[in-house]
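# Turn this into a structure:
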Amino acid sequence: MHDDILIRREGAWGVITLNRPKALNALTEEMCARIADALSQWRDAPDLEAVLIEGAGEKAFCAGGDIRWLYDTSREDPERAAEFFRIEYKMNSLIHHFPKPYVALMDGFTMGGGVGVSISASHHVVTERTMFAMPETGIGLIPDVGGSWFLPRLDGGLGFYMGLMGARASGADCLYAKIATHFIAGDALAGVREKLLAGSGARETIDAVLTEAASTPESQFEKDRQVIDALFEDTPDIASLVTKLEAAKDKADMQDFAEKQLKFLSRLSPSSLAISCALLNRAKGKAFDDCLRMEFRITKRLLEGSDFHEGVRALIIDKDKSPKWEPANLNDINPEKIESFFAPLGREELNL
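Below is the predicted model of the structure:
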């Protein structure tokens, strides 16, 4: 019944294996609920010292939530679809506040919901196979599952670059950006995992095992850092970002990068970009749970609109990669409409 997720005890450890390799270990509602149940039990278990979470197969840790289910369900019953986010965000909160070491083996695709089950870990392990991203603006959503909490905390312009553009980060980039704590070669990961689970779950023991196997590879983010900061740091709204990108086309050291970003920006949902930029700015300095509450207000309302359905249709269902956004242009964004996504939900607020 529960083959999609395997939850078990191994010595001093609780082990969670996301077990949908054919679906890149995408999270279902039941998987989120079972992780939450396990953490609630393990939090106070005196003989459990640490948790390890991993993905089955060789391609993905977790490539996100079950977007196809959300698409199908929200078209008929957006209120029901919003319950997925309610359950997922409650799980994210439990992970964030979990008092014991929590080790995430982020090997392979780590996107969207996969970021949510790993970003609050005490130990983030990446490999050369890691591909980390928050690509939600490409399907009419926002960088959620705590994205609004961790992205503004990244140095310089990295957070806005990743959150708005859905920029992909390699394992080396994650280490450089301080998203990850340890980079370990993929062929060494199984041995490190075995060594972890054979020992205690004490934080200093975990640190020693991971540090012994870790290395520091070269990062593309580090090479691009100067231009990323120049263009994405201090971004109060999308209009100012577009202005900076346009101006950068005339600068030899920024031209190629800026043109690439402008081309990609034109494919993203204007509404999602505007909402996401406002979200990342408002989330600065806020507590994790407050960020989740803000994200829930937005995602619940986005499920009731058209851009999410159109984005999923274009990229996942029909795969024509030609979404018809509403509105189609950033110039047509209504500030009052953007503001309405942040309004409290009353009795439907996310309670954590």
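
# Please count neighbours and contacts with C-alpha atoms only from this point.
OK.

# following the helix or strand bottoming out on mean pLDDT in the chain, which helix or strand shows up next?
Sorting the helices and strands of the chain by mean pLDDT, DSSP states H and E puts helix 67-76 at the bottom, at a mean of 94. Downstream of helix 67-76, the next assigned helix or strand under DSSP states H and E is helix 78-96.

# Could you pull out the helices in the stretch 201-350 of the chain for me?
203-213, 220-232, 238-248, 255-265, 270-282, 288-302, 307-312, 335-340 (DSSP state H, counting those that start in this stretch).

# highest average neighbour count across those helices?
Counting by mean count of other Cα atoms under 10 Å, helix 307-312 has the highest mean neighbour count of the helices of the stretch 201-350 of the chain, with a mean of 25.

# Could you count how many residues lie near the residue lying closest to residue 264 once chain neighbours are set aside?
Closest residue in space to residue 264, ignoring its immediate chain neighbours: residue 165 at 7.6 Å, by Cα to Cα, 6 or more residues apart in numbering. Residue 165: 21 surrounding residues under other Cα atoms under 10 Å.

# In stretch 15-23, which residues are buried?
Within stretch 15-23, the residues scored as buried using 16 or more other Cα atoms under 10 Å are 15, 16, 17, 18, 19, 20, 21.

# same deal with stretch 27-34?
Buried residues in stretch 27-34 (16+ other Cα under 10 Å): 27, 28, 29, 31, 32, 34.

# which residues touch the last one?
Residues near residue 34 by Cα atoms under 8 Å, 6 or more residues apart in numbering: none.

# What strand or helix carries it?
Going by DSSP H and E, residue 34 is in helix 29-42.

# Run the angle between that helix and helix 78-96 for me.
Helix 29-42 runs at 30 degrees relative to helix 78-96, counting by axes from the mean of the first three to the mean of the last three Cα atoms, to 10 degrees.

# my read is residue 144 is in a strand, agree?
No - Residue 144 sits outside any strand when classified using DSSP: H, G, I helix; E, B strand; the rest coil, being coil.

# Skipping its backbone neighbours, what lies nearest it in space?
Nearest residue to residue 144, sequence neighbours excluded (Cα to Cα, 6+ apart): residue 295, at 5.9 Å.

# Contact partners for the one you found?
Going by Cα under 8 Å, 6+ apart, residue 295 touches 142, 144, 145, 146, 148, 279.

# Let me know the pLDDT of the nearest residue to the fourth one once chain neighbours are set aside.
Right, the one you point to is residue 146. Leaving aside its sequence neighbours, residue 146 sits nearest to residue 292 (Cα to Cα, 6+ apart; 5.9 Å). Reported pLDDT at residue 292 in the predicted model: 98.

# measure residue 292 to residue 157 for me?
22 Å (Cα to Cα, to the nearest Å).

# same question, residue 341
Distance of residue 341 to residue 157, computed by Cα to Cα: 25 Å.

# got it, and residue 288?
Counting by Cα to Cα, the gap from residue 288 to residue 157 is 20 Å.

# try residue 70
According to Cα to Cα, residue 70 stands 31 Å off from residue 157.

# name the helices or strands packed onto the helix or strand that the helix holding residue 34 is followed by?
Later in the chain than helix 29-42, the nearest helix or strand by DSSP H and E is strand 50-55. Contacts defined by 3 or more Cα pairs under 8 Å, 6 or more residues apart in numbering; DSSP states H and E place strand 50-55 against strand 13-18, strand 60-62, strand 102-106.

# Next one: the closest residue to residue 289 other than its chain neighbours, what pLDDT does it get?
Distance criterion Cα to Cα, 6+ apart; nearest residue to residue 289, sequence neighbours excluded, is residue 93 at 6.4 Å. Residue 93 is assigned a pLDDT of 98 by the prediction.

# quick one: contacts for residue 93?
By Cα under 8 Å, 6+ apart, the residues touching residue 93 are 288, 289, 292, 352.

# and it, how far is that from residue 348?
As judged by Cα to Cα, residue 93 and residue 348 stand 18 Å apart.

# burial measure for residue 187, as a count.
When neighbours are defined as other Cα under 10 Å, residue 187 has 10 of them.

# doesn't it fall inside a helix?
Yes - according to three-state DSSP, the state of residue 187 is that of a helix.

# Quick one: residues contacting it.
So residue 187 contacts nothing (Cα under 8 Å, 6+ apart).

# One more: residue 147?
Contacts for residue 147 (Cα under 8 Å, 6+ apart) come out as 116, 134, 163.

# State the distance from it to residue 268.
According to Cα to Cα, residue 147 stands 18 Å off from residue 268.

# how many other residues sit next to the nearest residue to residue 300 once chain neighbours are set aside?
Leaving out its chain neighbours, the residue that sits closest to residue 300 by Cα to Cα, 6+ apart is residue 82, at 5.4 Å. Residues contacting residue 82 under the criterion other Cα under 10 Å number 22.

# swap in the one 5 residues further on?
Residue 87: 17 surrounding residues under other Cα under 10 Å.

# That one is in contact with residue 31, isn't it?
No - when contacts are counted by Cα atoms under 8 Å, residue 87 is not listed as touching residue 31 (9.8 Å).

# per-domain residue ranges of the chain.
Annotated domains of the chain cover 5-133+178-213, 220-348 [automatic domain parsing].
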